[in-house]
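Trainee: Here's a sequence, model it:
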Amino acid sequence: MVVAPAVRYVTDFHDSARWDGFEFRADDIIISTPAKCGTTWLQTICALLVFQTVELDRPLSLISPWLEMLTRPRSEVIADLDAERHRRFIKSHTPLDGLPFDDRVTYITVARDPRDVAVSIANHDDNFDDDAFERARARTLGGAPGDGDGGAPYVEPVTAPAPRLDARGRFWEWIDDPAPPPTASSSFVRMLHHLQTFWAARARPNVVLLHYADLLGDLDGSMRALAARLEIAVDESRWPVLVEAATFSAMRGRAEQLAPNIDAGFWRNPTEFFHRGTNGQWRSLLDDHDLVRYRARVDALIPPEVAAWIHHGDW
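Mentor: Numbering: from 1, shown residues only. Here you go, the predicted model:
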C-alpha cells in the first residue's frame with residue numbers, strides 16, 4: 001500500500017506532484033536529501049553498491065534521475081526508469097511528507113551542518129548557468145500536457161538584479177530566508193524541515209538517516225553499513241575499489257560523468273561542482289556574534305535533539 005503525500009512542494013526548479021501515479025518496485029531506493037548535503041555522493045555510493053563496478057554506461061543523472069526537476073518532460077524520465085532492469089535509486093529533494101510512502105521502498109536522507117551547507121550553496125550558485133536552466137525549463141513547461149506543470153507556457157520572470165552580497169551577507173540571506181518549505185527551493189527553513197520529516201520517521205525499518213560527517217570520517221564503514229541496510233552483498237575483495245571510487249577526489253576526477261544534469265550544460269565548470277567536500281568551512285566566516293545569532297535561529301526552529309543530530313555534536 002502506498003500512502004499519498006501530505007504536502008505538495010512546488011518551486012521554479014521542481015514539483016513534487018511529478019511523483020503522482022509513479023509505480024514503485026519493491027526494492028526501489030529513494031535518495032531524498034536537502035540541497036548540498038551529499039546528494040550526488042550518495043547517488044554515487046548507491047551506484048557502486050548496486051553495480052559493484054566503477055564503470056557507468058551513461059551519466060549518473062540519467063541512471064538516477066531527479067524525477068521532480070522541471071527541466072525534462074516527466075514522460076521521458078518515467079520511460080528511462082521503467083526501462084531500467086537493475087535496482088533503481090532515484091534522486092529527490094522533497095521532504096518525506098511530500099513523497100508517496102511505500103513500505104517496500106527504502107528512503108534515505110543525509111544531514112549536514114547547515115553552516116557548511118550555506119557556504120556550499122553560495123559556491124553552487126556561482127557555478128550554475130541560469131540561462132541553460134531557464135532554456136531547459138521553458139522547453140519542458142511548453143511540452144505536452146502532463147509534462148512539467150501540465151503544458152502551461154513558461155513566462156520568463158522580469159526582476160531587477162539583486163545587489164551583490166559579500167560571503168557573510170550571502171550566508172545570512174540563506175539562513176534568514178522566511179519562505180515556507182513548500183515554496184522554498186533551498187533555504188535554512190526548508191533544510192531543517194526536510195530533515196525533521198526523516199527524524200520523525202527514523203524508527204521505520206525502511207527509513208535510513210546518514211550524516212555527511214560520518215561519510216567523511218569513515219567512508220568504508222558508512223558504505224558497509226548502508227549496504228547492510230539495503231541488503232546488498234559485496235564481495236570483500238571489491239570493497240577497496242568501491243570505497244576509493246566514492247572518495248571526493250575520485251568523484252571530482254569523474255565530474256563529466258557524475259555531476260548532476262551534465263548533459264544539460266547547467267554547470268559553468270563541472271569539476272567545480274565538487275568544490276571542496278569538507279566540513280568546517282564556516283569557521284573562517286563566522287565570528288562569536290554570528291554564532292550566537294545562528295544558535296538563536298536554530299533554537300527557534302527545531303528541537304534540541306534534532307539540532308544535535310544535524311550538527312553532529314559540533315553544537
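Trainee: low-scoring stretches of the stretch 1-150 of the chain, by residue?
Mentor: Across the stretch 1-150 of the chain, the ranges flagged by pLDDT under 70 are 124-125, 127, 143-150.
Trainee: and residue 282, what does it touch?
Mentor: When contacts are counted by Cβ atoms under 8 Å, 6 or more residues apart in numbering, residue 282 is found next to 113, 115-116, 118-119, 171. Quick note: C-beta positions are derived from backbone N, CA and C, even for glycine.
Trainee: same check, this time on residue 212
Mentor: Residue 212 neighbours (Cβ under 8 Å, 6+ apart): 37-38, 110-113, 116, 279, 312.
Trainee: Not counting its neighbours along the chain, what's nearest it?
Mentor: residue 112 (3.8 Å; Cβ to Cβ, 6 or more residues apart in numbering).
Trainee: among the contacts of residue 282, which are in helices?
Mentor: Counting by DSSP state H, the part of those found in helices is 115-116, 118-119, 171.
Trainee: Closest to residue 63 out of the residues you listed?
Mentor: Nearest to residue 63 among the ones in helices among the contacts of residue 282 is residue 116, at 27.2 Å by Cβ to Cβ.
Trainee: what's around that closest one, how many residues?
Mentor: 21 (other Cβ atoms under 10 Å).
Trainee: Kindly provide the distance from it to residue 6.
Mentor: Using Cβ to Cβ, to the nearest Å, residue 116 is found at 30 Å from residue 6.
Trainee: Please apply the same query to residue 315.
Mentor: Residue 315 is 29 Å from residue 6, by Cβ to Cβ.
Trainee: can you check residue 81 too?
Mentor: Residue 81 is 24 Å from residue 6, by Cβ to Cβ.
Trainee: what residues are up against the residue lying closest to residue 26 once chain neighbours are set aside?
Mentor: In space, and not counting its chain neighbours, residue 26 is closest to residue 104: 4.2 Å by Cβ to Cβ, 6+ apart. Residue 104 makes contacts with 24-28, 206, as judged by Cβ under 8 Å, 6+ apart.
Trainee: Which one (most neighbours) among the residues you listed?
Mentor: Of all the contacts of residue 104, residue 28 has the most neighbours under the rule other Cβ under 10 Å, reaching 18 neighbours.
Trainee: burial measure for the closest residue in space to it that isn't next to it in sequence, as a count.
Mentor: Closest residue to residue 28 in three dimensions, ignoring its sequence neighbours and counting by Cβ to Cβ, 6+ apart: residue 105, at 4.6 Å. A count of nearby residues for residue 105, using other Cβ under 10 Å, gives 20.
Trainee: Isn't residue 105 up against residue 32?
Mentor: No - counting by Cβ atoms under 8 Å, residue 105 stays clear of residue 32, with 10.7 Å between them.
Trainee: can you give me phi and psi for residue 49?
Mentor: phi -70, psi -40 (degrees, to the nearest 10).
Trainee: residue contacts, it?
Mentor: Shown in contact with residue 49 (Cβ under 8 Å, 6+ apart): 223, 226-227, 230, 232, 234, 242.
Trainee: can you tell me how far it sits from residue 232?
Mentor: Here the distance between residue 49 and residue 232 works out to 5 Å (Cβ to Cβ).
Trainee: can you list residues touching both of the two?
Mentor: What both residue 49 and residue 232 touch, as defined by Cβ under 8 Å, 6+ apart, is an empty set.
Trainee: circling back to that earlier point, host element of the residue nearest to residue 26?
Mentor: For residue 104, there is no host helix or strand (DSSP states H and E).
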